[in-house]
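*Asks:* Give me coordinates for this.
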Amino acid sequence: MLRLAQGLAFVLTLILAVSGPFAGSAKALDGVPEMLGDRVLGNPDAPVTIIEYASLGCPHCREFHDETLPEIKKTYIDTGKVKLIFRDFPLGQRATAASMIARCSGPIRYFALVSIFFRDQGIWSQAPDGLAALTASAKKAGMSATQVDACLRSEELLQGVQKIAMDGNKEHGVDSTPFFIVAGEKVSGAQDFKVFEEIIERALAK
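*Replies:* Predicted coordinates for the structure are as follows:
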């Protein structure tokens, strides 16, 4: 069963977990509702929708983004047939921090930063100073250390990211990552391109 801690205490615990001793406190962050909106890759009016629930710290999610998504993107997303909606389902405190930072990056940089976090996953997930490693990855997408710090201090953003995951669990039964709803059909795990192709083609033929 999905269990996600909430509140100020968890914000501080999260920062401590990724950075070591920390003397700050949670602070308000502007524009959080917009940050928490769906992030869509592709034409918003595409006839077929893929919803992906993923954790940025999940090796199988990284595998999907490295090996399968490029083929889906080339064949279906770039041709306007499919859109992908990426939703957070962070597993662990560092993955939660990465999700918060990605949300803060804004809609234009979002998918670029998601790709960077997946690429650097082996670094920030294992680094003694997780905050420094996450910040280094975020800087590659143009974010400053000050912006990263502000993101991680936002209780509203934390609770919003957690709500996305909890809603996925309640509405779709998501309990592991990666998890997909492809044209209404549930797909669990980093499946081969052919699995997605078969479902998408059935949906397009309707």
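*Asks:* C-alpha only now, for contacts and for neighbours.
*Replies:* OK.
*Asks:* If you tally nearby residues, what's the number for Leu29?
*Replies:* For Leu29, the tally of surrounding residues (other Cα atoms under 10 Å) stands at 15.
*Asks:* which residues does it contact?
*Replies:* Contacts of Leu29 were listed using Cα atoms under 8 Å, 6 or more residues apart in numbering, and they are Ala150, Cys151, Ser154, Glu156, Leu157.
*Asks:* is it fair to say the fourth one lies in a helix?
*Replies:* Yes: inclusion of Glu156 in a helix is indicated when DSSP: H, G, I helix; E, B strand; the rest coil is applied.
*Asks:* so it makes contact with Ala28?
*Replies:* Yes: the pair Glu156 / Ala28 is scored as a contact, 7.4 Å apart, by Cα atoms under 8 Å.
*Asks:* higher neighbour count, those two?
*Replies:* More crowded of Glu156 and Ala28, by other Cα under 10 Å: Glu156, with 22 against 13.
*Asks:* Keeping just the C-alphas, turn stretch 167-178 into CSV.
*Replies:* Output in CSV follows, covering the C-alpha atoms of stretch 167-178 (Å, rounded to 0.1, in the frame of the first residue of the first chain):
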residue,chain,number,x,y,z
ASP,A,167,-4.0,10.0,-6.7
GLY,A,168,-2.3,7.6,-9.1
ASN,A,169,-2.5,4.9,-6.5
LYS,A,170,-6.2,5.5,-5.7
GLU,A,171,-7.4,6.0,-9.3
HIS,A,172,-5.2,3.5,-11.2
GLY,A,173,-3.8,1.2,-8.6
VAL,A,174,-0.2,2.4,-9.2
ASP,A,175,2.1,0.8,-6.7
SER,A,176,5.4,0.4,-8.5
THR,A,177,7.3,2.2,-11.3
PRO,A,178,7.2,2.6,-14.2
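*Asks:* thinking again about what came up before, neighbour-wise, which one of the contacts of Leu29 leads?
*Replies:* Counting by other Cα under 10 Å, top hit in these: Cys151 with 28 neighbours.
*Asks:* my read is that residue is in a helix, agree?
*Replies:* Yes: when classified by three-state DSSP, Cys151 is found to be part of a helix.
*Asks:* what sits against it?
*Replies:* Leu29, Met100, Ile101, Cys104, Leu157.
*Asks:* So which of those is the closest to Glu198?
*Replies:* Minimum distance to Glu198 across those is 33.6 Å, recorded for Met100 (Cα to Cα).
*Asks:* Specify the local secondary structure of that closest one.
*Replies:* Once three-state DSSP is applied, Met100 turns out helix.
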